[in-house]
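Student: pasting a predicted model and its sequence here:
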Amino acid sequence: MPGPTDEILARIEHTLDTIRPYINSHRGHVEVVDFDVADGTLLLRMGGTCHGCAASTLTLKHGIESRLRQAVPEVRAVEAI
């Protein structure tokens with residue numbers, strides 16, 4: 001039976017799906033690694049051309065994190081691993 005974490009992860013994936021076309025257009029990708037419900041930290045893996053790109057931090061914090069925090073209030077912080 002799906003639990004509250006599954007529902008949150010589904011909303012996170014749905015929100016990321018709205019951002020992925022932009023990231024893909026730059027030959028990058030993003031995937032969810034883990035979400036800590038207790039402290040609201042979402043771990044993402046940035047890949048493709050995003051991996052190691054100087055702009056990926058800006059994309060992560062000002063694009064992905066701000067969109068996720070608006071759409072999924074349980075997400076308080078986003079970190080790339």
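Tutor: It's in.

Student: got any ranges where the protein has weak pLDDT?
Tutor: 1-2, 50-54, 56-58, 60 (pLDDT under 70).

Student: the longest helix in it is where?
Tutor: The longest helix of the chain (DSSP state H) is helix 4-25.

Student: look at the residue nearest to residue 63 when sequence neighbours are not counted and say how many residues are nearby.
Tutor: Of all residues not flanking residue 63 in the chain, residue 19 sits nearest, at 6.6 Å (CB to CB, 6 or more residues apart in numbering). All C-beta atoms are positioned from the backbone trio N, CA, C, and that covers glycine. Number of residues near residue 19 (other CB atoms under 10 Å) recorded here: 15.

Student: where's residue 19 relative to residue 61, distance?
Tutor: For residue 19, the distance to residue 61 equals 13 Å [CB to CB, to the nearest Å].

Student: before we move on, the earlier item: hmm, who's touching the longest helix of the chain?
Tutor: Residues outside helix 4-25 that contact it (CB atoms under 8 Å, 6 or more residues apart in numbering): 29-30, 32, 35, 37, 42, 48, 50, 59, 63-64, 67-68, 71-72, 74-75.

Student: could you tell me which of the residues you listed are located in strands?
Tutor: Among those, the members found in strands (DSSP state E) are 29, 30, 32, 35, 42, 48.

Student: distance check, residue 46 against residue 37.
Tutor: 22 Å.

Student: can you classify residue 79 by secondary structure?
Tutor: Following DSSP: H, G, I helix; E, B strand; the rest coil, residue 79 is assigned to strand.

Student: what's the burial count for it?
Tutor: By the criterion of other CB under 10 Å, residue 79 has 13 neighbours.

Student: so what sits opposite it in the bridge?
Tutor: Note on residue 79: beta-bridge partners residue 43, judged by DSSP bridges.

Student: that older thread, among the ones in strands among the contacts of helix 4-25, who's most crowded?
Tutor: Using other CB under 10 Å as the neighbour criterion, residue 42 leads those with 25 neighbours.

Student: wait, that residue touches residue 71, no?
Tutor: No - using CB atoms under 8 Å, residue 42 makes no contact with residue 71, being 11.9 Å away.

Student: overlap in contacts, these two.
Tutor: With CB under 8 Å, 6+ apart as the test, residue 42 and residue 71 reach no residue in common.
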